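S.K.: A predicted structure for the sequence below; I have some questions about it.
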Amino acid sequence: MQMIYRIAADGVVVLHGAYVLTIVLGLILILVGRFRGWHWIRNFWFRAVHLVMIGIVVLESWLGITCPLTTWEHQLRVAAGEATYQGDFIANLVHQALFAHGNAAPWMFTACYTAFGSAVLATFLLAPPCLPSRPLATVDAAERNRSGTSA
């Protein structure tokens, strides 16, 4: 049974890593896509989910709430009888990447999360998402008119 808890804990770490990677890569892709003219970065649902994801992180940080994924992983590790990281390489690698901050003050992370969240919010001005009821072609035409370029 301990092996199952260990595998589940490793899975939670991978899920946590995927969550963080989605937030970080999402912002990078939105910025690159804005300047490369990628239309998919204007997808309303992609952008809304991306904003909500970082919003959750910022809110947890402001309220001093430990991420539920961290809590869940810890509980699974305890149930597995693990005191330290003894899991698979991939799980350890993802965990170290997520928690490499060591003894940094919590306020530093709150500031970083808030700054990152503000950057994601700023992309709503730089590359506004296309509302579901508004066709992307309308958004592109309006943007071309503002910048003075033609199709």
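M.R.: That came through, no problem.

S.K.: where do the helices sit along the chain?
M.R.: Listed in chain order, the helices of the chain (DSSP state H) span 2-36, 44-63, 68-79, 89-98, 106-126, 136-147.

S.K.: could those go into CSV alongside mean neighbour count and mean pLDDT?
M.R.: Heads up, the C-betas are built off the backbone N, CA and C, glycines and all. Below are the helices of the chain laid out as CSV (neighbours: other Cβ atoms under 10 Å; pLDDT from 0 to 100):
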stretch, mean neighbour count, mean pLDDT
helix 2-36, 16, 94
helix 44-63, 15, 96
helix 68-79, 16, 90
helix 89-98, 15, 59
helix 106-126, 14, 92
helix 136-147, 12, 58
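
S.K.: ok, now which ones touch the residue nearest to Met53 when sequence neighbours are not counted?
M.R.: Take Met53 and drop its neighbours on the chain: the residue closest to it by Cβ to Cβ, 6 or more residues apart in numbering is Ile23, 5.3 Å away. With contact taken as Cβ atoms under 8 Å, 6 or more residues apart in numbering, Ile23 is in contact with His50, Met53, Ile54, Val57, Phe116, Val120.

S.K.: Tell me the one of those residues nearest Thr66?
M.R.: Nearest to Thr66 among the contacts of Ile23, counting by Cβ to Cβ, is Val57 at 11.9 Å.
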